[in-house]
Each structure stands twice: as structure tokens, then as C-alpha cells.
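Asker: structure, please.
(2 chains)
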Amino acid sequence: MIKLKTILSGLLLTTLSVFGASTVIAASCPIKIGGLAPLSAPGTVVGGEAMRDAMLIAQDDINAKGGVLGCDVKVVIADTEGLPEKAAAMMQKLITQDGVVAVGGGYHSSVGVAGKDVANAREIPVVFAETWNDTITGDKQKFIFRIAPLSSWASSTIWKHGLLVPGIKKAAILTENTDYGIPAAAETTKGLNSGGVEVVTFSVDIGTQDYAGIVERIKAEKPDLIIVLATGEAGYNFTQQSADAGIGPMDIPFHTGQVSLESKAYWENVPDGNLAFVQRIGVPENLFTAEGKKFAKVYKAKTGKGDVESYAMEAYDSIAILAQAINEAGSTDGNAIVNALEDISHAGTLGRIYFPYGTKKDPSADGKGSEWWHQWPDVALTVIQYQKEGQSSGDSPIVFPDAYKTGEPIYVK
Amino acid sequence: MENSAIFWWTTLWMLFWGVVGSAVTRRVYLHKDLDTSNSVLVGSLVGAAFGPIGLIPLWKKSPEISRNLILYPSLLAVGILMAAFALADPENNCVSSLSFVSSQIMNGLIIGIIYGLMALGLTLIYSILGLVSFAHGEFYMIGGMIVYYSTAVWFPGLPPVMGVLIACLLTFIFGAIFERLFLTPLYDGRIDRPVEYGILITFGLAFTMQYFVQAIGGANPVKARRFFDFPRIRLPDAADPWLIKTSRGNMELFDTISISNPRFVAAVISILVLFVLLFFLYRTWTGKALRAVSQDREAATIAGINPHKMNMLAFALGGMIAALSGATLVQAFSWLPQVGAIPAMRSFVIVVLGGLGSLPGAFIGGIIIGLVEAAGTGCIPDPQKAASYIPAYGMIVLTLTLLLRPTGLLGRRFASGTHGKFL
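Answerer: Residues are numbered from 1 along each chain as shown, chains lettered A, B, ... in the order given. Here you go, the predicted structure:
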């Protein structure tokens, strides 16, 4: 009997050690990094696909350079659909089922807001690529970083540019009722009001297609500027339907959604969208860093696109910076990665990326708000204007701010 | 809203007497052993429109419920609500601007006609097969996708009308094949639970179609070019074109009504198709056979009509009508594999509002939903809320309909269909 027990115990121990060992090996190589992107509606699929392609290019580049800690890196893409509940579920899945050691990407603010708590609670570092809502870093969570601009900061580019529209007295804002749209509209309104501009804001659900009623209401307001703070195809639908109704970009100054940087899709969906202004993160291609130029070449070859969207570059950088942090930490432990991220100086496609504020120095030490926690402070924010039908966003002149200006804006009316 | 109290007190007054009317009238009619079928509706309408002044005579005389007894109080109730709104918010565009109101009504009518056409397909399927197709939104999506791919990718330069015809043909054939392969168990006794089977199989079809398109074409938004550009028209003269003024993408009538080109074209196509469909249903033998099966399946079979062929025709035709709605709107909206979800939901609302299985009801329901959505979007004073609530407007109408007249506007109390159940 004792012999049987011994044999059974031995078998059990052997089984456990075999499975245990295989688990350790699986967690070690390849090293998995999560990549959040909206790949289904109602998320911004155009943006999500660009980010997915960029993150996979980052994976290939990292592995070509020898990987991380002697292992290959595998980027596990998770479709957030742009929905907060899906984002939280995907973050859980990436951490508990896929075994990722860090997470990059992220397009919609609502995804960042919902996903950050899950990651922080499980001590998994996240570098958000394109989620703008101030509270994502404003909650000062140890494991949450961001290389996208703050919403309040990005909004200031839009309203400062808006105040330059000749004779502007009234602006209309179309915003999505999400964690990105609502605060962005509030910030933009505040800024425009400070310049004496009256603002009327219309908010819509993220999946809205038919804007005819809203367009008529905006038309009745007789605005001097229209600003779209909606992600995804909402920007296309609203801009073209406005153009059909005679208040499009060729009729009055019109600041359309950032998704319009994907020029091919923009011209297909908004054939009457010439003269639209679009916010762009990052500098024009001729001012790209060496890494930016290299990435642009590979990205264009892979996707067949004529230009590189800023969110693709951010997605690439979010993965690359995590790989560097893991290497510098010498470990996949979350705390060690955070420590490395706080000290990092990463040569990214968007510039030198670093995080001046965090556990070692609170933003308040420099009189900054808590939103600057783990926030890259040097994001270049510009406004471009399509000035020819079919023009690519890369070729379109930067019309604001003066520091990056490559052409004069055309103000219709 | 300047004097919001006027509007809210009026609404509360109407709600109170509407509820009292609906609750008591049915009891009164029941007590007098009269037909109670529309007593809840009439009680609530008379209560809302006239208050106790109308309800007491109604309870005393308890007349037979006629169409006029429903129509006049409902018009008056709407009129009172509109008057209260006008007094409460005189600066609102819906009160002060004729041009705005006209444009909103036109927008509501146009989109309502298109919704109505799509819902017509759904109700046609229901009336013949007794099946609620959960893949209706995906047929709508496929219709738009086929037009886009046929005119912009497969055969660039192909006239859009040809694209629409291709979409109709392909979806008709697909619908017919699907019905033969997967829906025949509904009525040949092979399964125990045909209703549940119908729901699950059409759900499955919806997912398959959606993800098939996403896998093949990606999930980026696409859009077909405008079918036609408006020619430049200035009437009666170029200097003062008060009658009609057009640009490539817009038409302005009487200096007040603004209609965008894609919607106008989509609505015109929808109306033409509707006439063709009505001709088919009411003037051809096959159409009459379809209607006969929808009214009484057994009697139609005795008269020599093959109900199985009608099932196939109905599903194929219903799917094709949804695809046609999508095919006309792909020039107006950006198109994604998931684009059918919201129109499908609207179709369900419209079908219930118009009356399950009623073809004219579906069309009238579509126009009502279109107008209600236009009114909500245009008139709700807070611009932050007006558009956010678009999906809710239809749901409010649906809830009221289910409460007051569960059979819908033109619904029958008894529907034949495959299962021949009382509604």
C-alpha cells in the first residue's frame, strides 16, 4: 500500500513538475505584450487596423534586433470595439489568459478609462498610445503611462486655431458622448469662450449614421466654424452630410475628425471634403526622426498607404518603448518595468520619449496637474488642411501652429 | 425652454387623464358587454385630448369604436402637445422657422420612406413564413456592399443603377437558396420548436454574413459615389431662384426646404420600388398568391397555391427589399459590416408599430418613425440631448403602441403564417 502511495505521489509530482515547467517556459518565451486596437464597429476600425499593423511591425523590428531578454516578442492583438466593457474584458483576457507582461496600443479614451483599472490592479504596465482623456493618467496609477497628448492639451490646439478664423463669432461643435468627446468639447468650448466666441454643442451616440436633423439644426445656428470631436466613421458621415446640406468644409471653416488623416478612406467617404482642417499628432514626414522615417517606409510598403497616420506611429512607439523597458529592467516583473519606464529615454518614431513625472517626482513639484503623471510632455500637435481634392494628409500643409507651419490656411466664406 | 412649466404641466395633465381613460374605459365597455378591442386606445386618446370633459360622455354613451373616434382625439392630442410646446419655447426653431420645420419634415419623410421599405421586407417574411428574420439588417448591409464593390472595385465605372440591380439579383438568389437549405425544417415537421429554430438560424445567418464581409473586405468604412449629381437648376430665374435651386449635392425648394442629393435619390428609388411591389402584390397572380398565403395558409393551399414556393419567394423577396434599401443608402452613409444593426432595430420597431404582417402598416410605421425622429432631433431644446436620444424616440413610440394597441396600427388580430397563431 505504501509502495502504491509512493508511486502515485511520484507520478503526481512528475506530472506537476512537467506541467509547471511548461507553464514557466510558456510565460518566458516568447514574451507577450498586449496590443489594444478597435477592430470592429462601433470602434474606429480605420484607426484600429492602422494601429494593429504598426504594432505588428514593432514586433518584427524588435525580434529582428534580437528580441527582449533573449526571447522573441509576441504582440497579442485584442479587439476593444471602442467599448469600455469590451476593453475591460479584453484587458482581463490579455493578462489572465494570454499571459502578457505589458500592454500597448489603445485608441478610444473610453477604452483607456475602463482598461487602466484592470491593468493597474494586476500590476501590468500599460503604455497607452492614443487615448486622450485626462483622467487616464490623472488618477496617478503606478502602472499606467501615456504617449498620446492630453485631451485638454489637444483641445487647446483646436480652439486656439479656431480663434484665428477671420470674423469668428459663433462655433458649433459635434461631439460623441464618450470619455473622449464630452471633456474635449467642454475644454474646446471653454477656450473658444475665452476668446469671446459663442459655442453650441451637439452630442451624438458613437454609432450614429444619420445626421440630417443635426445638420439642419447647426445650419440654423449660422456658425462661423464647425468642429467635429467624434471618432471613427462618424466624422466621415457628418462631414459629408454637412457638405450635402451646404455647410461643409468648402462652405465654412470646418475642423473634421482625426480619422480623416487616413486620406484614401477620407476621400472615398467625404468626396466633398476639400479644405477641411484636421488635427495631427507629430511633425510632417520631412521632419520625422530616423526611426520615424524607417517606420514610415516599412508601414507604407506593408499597408500600401500613401501616408503614415499619427496613431500608427504612437502604436508602434507604445510597443517599442515597452520592449526597451523590459530589456532595461532585465525582468518581466511589472514593478521593474515601471521603474525602467520612469527612467527611460526612448528614441521613438515621434521623437525622444520620456516620462518626467511619476513615483520619483510628482507633477505638483513643478506646479503641474496630476494628469501629467507618467505623461510624455513633448507631443507635437499640429493642424493640417486638405487643400486639393484627393490630397494625402502627409502632403497637406500644416497651417497651425506657427512653429510647424508649412502653408497658409484657406478660410472659406 | 422659456416657459417649460406650460409644457410639462400640459404633458402631465394629458398623461394623467390618458391613464385614467385607458384604465376605466375598458372596464366600462366590459361592464356593458361591448367590444373592448380598442377601448384602451380610445380611452387614453380621449382622456389625453379632452380630459374629463370627453371621458364622461364616452363612458356614459359608450359608442361603438370607429376609426374617427381614434383619429380625431389623436390629432387633437398631438395638436395640444404642439401648442403647449410652442407656448413654452417660442424661440425654438421648430416654432419660429418655417424653413427649418419644412426641412425637418422632409428629412423625416425621406428617411421614413426608406425605413418603411426595409420594414416592408421584414413584415412580408413574417406574414408568409411566420418568421422574424434577425438577418434583415445584414441583407441591408450586403445590398450596400454589393453596390460599392460592383461600382468601385470589381467593375469601376459601372453605372450605380446596375450595381443596385446586381445587389437585388444576388440577394434574391441568396435568400431563395438559404430558405431552401435552412428554413424548410420550419414547416415540414422535422423539428419540434420551429419558432426558436427560426430565431436561431437567422441569428446565425446574420453573424455569418457580417463576419464573412468583414473577413473578405475588411472593416474599414466604404462609400459608393453619388448615383447622380443634380444638374444646375435655378428657377424661375437665376437671380432669384425661389422655386428651386440645386447644387451637385443639394436641392432647395421654395427657399425653405433643403434636400440632400443621396437622400432624394434613395427616396425616389424606394417609392418606385414600392409601386412596383404593390403592383406585383395586388395585380399579379403570384402576388395575389403570396397575399392569400399570408391571410389563410390552408385555404390558399386548397385553392391550388403551393405554400412552400411562396415561402421561398417571400424570404427571397423580403431579403432583397432590405438589400435594396441598403443599396440606395450606401451613397448617403459610410458603410461597414456592422452597419445593419441600427436599421434592423428600427425595422422591428416599425413592424410592431404598423402591425405585424401588415404591408401598408410597415410603410406607414416607417414614415411615423422617420417623422418622430426628425421632430425629436430638431425640436428638443437641449442640443446635447437632441441627437443622443435618437434611438430612444422609436422606442417610446413602440412602448406606447404596445401599451395602447398591441396589434399595431394596422395589425390583424389573427395572422396565418406558417404557425397560424393568434396575435
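Asker: please count neighbours and contacts with C-alpha atoms only from this point.
Answerer: Fine.
Asker: what ranges do the strands span in the stretch 1-150 of chain B?
Answerer: In the stretch 1-150 of chain B, no strands are found when defined by DSSP state E, counting those that start in this stretch.
Asker: in chain B, which helix has the most residues?
Answerer: Using DSSP state H, we find that the single longest helix of chain B is helix B:98-129.
Asker: what residues of that helix count as buried?
Answerer: B:99-129 (16 or more other Cα atoms under 10 Å in any protein chain shown).
Asker: next secondary structure after the helix or strand bottoming out on mean pLDDT in chain A?
Answerer: Of all helical and strand segments in chain A, the minimum by mean pLDDT, DSSP states H and E falls on helix A:2-28, at a mean of 48. Following helix A:2-28 in sequence order, the next helix or strand is strand A:31-37 (DSSP states H and E).
Asker: which other helices and strands contact that following strand?
Answerer: helix A:45-64, strand A:73-79, strand A:102-105 (3 or more Cα pairs under 8 Å, 6 or more residues apart in numbering or on different chains; DSSP states H and E).
Asker: mind checking what helix or strand follows the last one in sequence?
Answerer: Scanning forward in sequence from strand A:102-105 by DSSP H and E, the next helix or strand is helix A:109-121.
Asker: which SSE is immediately downstream of that following helix?
Answerer: Helix A:109-121 is succeeded, C-terminally, by strand A:126-128 (DSSP H and E).
Asker: show me chain B divided up by domain.
Answerer: Domain segmentation of chain B under automatic domain parsing yields B:4-90, B:98-230+B:253-404.
Asker: between those domains, which one is nearest to A:Ser364?
Answerer: Of all the domains of chain B, the one in closest proximity to A:Ser364, counting by Cα to Cα, is domain B:98-230+B:253-404 (34.5 Å).
Asker: mind checking the end-to-end distance for that closest one?
Answerer: 33 Å (Cα to Cα, to the nearest Å).
Asker: stretch B:143-155 now?
Answerer: Stretch B:143-155: ends 16 Å apart by Cα to Cα.
Asker: do stretch A:351-365 as well
Answerer: First-to-last residue span, stretch A:351-365, Cα to Cα: 25 Å.
Asker: and for stretch A:251-263?
Answerer: 20 Å.
Asker: could you give the separation of it from the chain centroid?
Answerer: Offset of stretch A:251-263 from its chain centre (Cα atoms, centre = their mean, to the nearest Å): 17 Å.
Asker: what of stretch B:137-151?
Answerer: With Cα atoms, centre = their mean, you get 20 Å for stretch B:137-151.
Asker: which residue packs closest to A:Thr349, ignoring adjacent ones?
Answerer: Take A:Thr349 and drop its neighbours on the chain: the residue closest to it by Cα to Cα, 6 or more residues apart in numbering or on different chains is A:Gly292, 3.8 Å away.
Asker: mind pulling up the pLDDT for the one you found?
Answerer: The score at A:Gly292 is 93. That number is its pLDDT.
Asker: please apply the same query to the one 4 residues further on.
Answerer: What the model reports for A:Ala296 is a pLDDT of 93.
Asker: quick one: list the elements packing against whichever strand or helix holds it.
Answerer: Assigned by DSSP H and E, A:Ala296 falls within helix A:290-303. Based on contacts counted as 3+ Cα pairs under 8 Å, 6+ apart, the elements that helix A:290-303 packs against are helix A:45-64, strand A:346-348.
Asker: got the buried residues for the last one?
Answerer: Applying a neighbour-count criterion of 16+ other Cα under 10 Å, one finds A:His346, A:Ala347, A:Gly348 buried in strand A:346-348.
Asker: again with stretch B:166-177
Answerer: Of the residues in stretch B:166-177, those buried by neighbour count under the rule 16+ other Cα under 10 Å are B:Ile166, B:Ala167, B:Cys168, B:Leu169, B:Leu170, B:Thr171, B:Phe172, B:Ile173, B:Phe174, B:Gly175, B:Ala176.
Asker: B:Met14: how many residues sit nearby?
Answerer: 23 (other Cα atoms under 10 Å in any protein chain shown).
Asker: which residue packs closest to it, ignoring adjacent ones?
Answerer: Among residues not flanking B:Met14 along the chain, B:Ala48 sits closest, at 4.1 Å (Cα to Cα, 6+ apart).
Asker: tell me the pLDDT at that neighbour?
Answerer: 95.
Asker: so it makes contact with B:Ala77?
Answerer: Yes. Using Cα atoms under 8 Å, B:Ala48 makes contact with B:Ala77 at a distance of 6.0 Å.
Asker: show me which of the buried residues of helix B:98-129 neighbour chain A.
Answerer: The subset of these within reach of chain A, by Cα under 8 Å from any Cα of the partner chain, is B:Phe100, B:Ser103, B:Gln104, B:Asn107.
Asker: quick one: contacts for residue 144?
Answerer: Went with chain A since none was named. A:Lys116, A:Ala119, A:Asn120, A:Pro125, A:Val126, A:Val127, A:Phe128, A:Ile136, A:Thr137, A:His374 (Cα atoms under 8 Å, 6 or more residues apart in numbering or on different chains).
Asker: that's the wrong chain, I wanted chain B
Answerer: By Cα under 8 Å, 6+ apart, the neighbours of B:Gly144 are B:Ala167, B:Ala323, B:Leu324, B:Gly326, B:Ala327, B:Thr328, B:Leu329, B:Val330, B:Trp335.
Asker: which residue lies farthest from the center of chain B?
Answerer: B:Ala239 (40.4 Å; Cα atoms, centre = their mean).
Asker: what about whichever residue of the stretch 151-300 of chain B sits closest to chain A, how many residues nearby?
Answerer: Among the residues of the stretch 151-300 of chain B, B:Gly249 lies nearest to chain A; the distance is 4.9 Å by Cα to the nearest Cα. The number of residues packed near B:Gly249 is 23, by other Cα under 10 Å.
Asker: wait, doesn't it sit right on B:Ser258?
Answerer: No. B:Gly249 is beyond contact range of B:Ser258, at 10.5 Å (criterion: Cα under 8 Å).
Asker: which neighbours do these two share?
Answerer: A:Ala245.
Asker: hmm, back to that, same list, the buried residues of stretch B:166-177, but as CSV with distance to chain A and secondary structure please.
Answerer: Shown next, in CSV, are these (distance: Cα to the nearest Cα, whole Å; DSSP: H, G, I helix; E, B strand; the rest coil):
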residue, distance to chain A, secondary structure
B:Ile166, 21, helix
B:Ala167, 20, helix
B:Cys168, 23, helix
B:Leu169, 26, helix
B:Leu170, 25, helix
B:Thr171, 23, helix
B:Phe172, 26, helix
B:Ile173, 28, helix
B:Phe174, 25, helix
B:Gly175, 25, helix
B:Ala176, 29, helix
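Asker: compare neighbour counts for B:Ala48 and B:Ala77 and give me the winner.
Answerer: Neighbour count, other Cα under 10 Å: between B:Ala48 and B:Ala77, B:Ala48 has more, with 32 against 20.
Asker: in contact with the more buried one, which residues?
Answerer: Counting by Cα under 8 Å, 6+ apart, B:Ala48 touches B:Trp13, B:Met14, B:Leu15, B:Phe16, B:Trp17, B:Gly18, B:Gly21, B:Ala77.
Asker: what's near enough to touch the second one?
Answerer: Taking Cα under 8 Å, 6+ apart, we find B:Met14 in contact with B:Gly47, B:Ala48, B:Ala49, B:Gly51.
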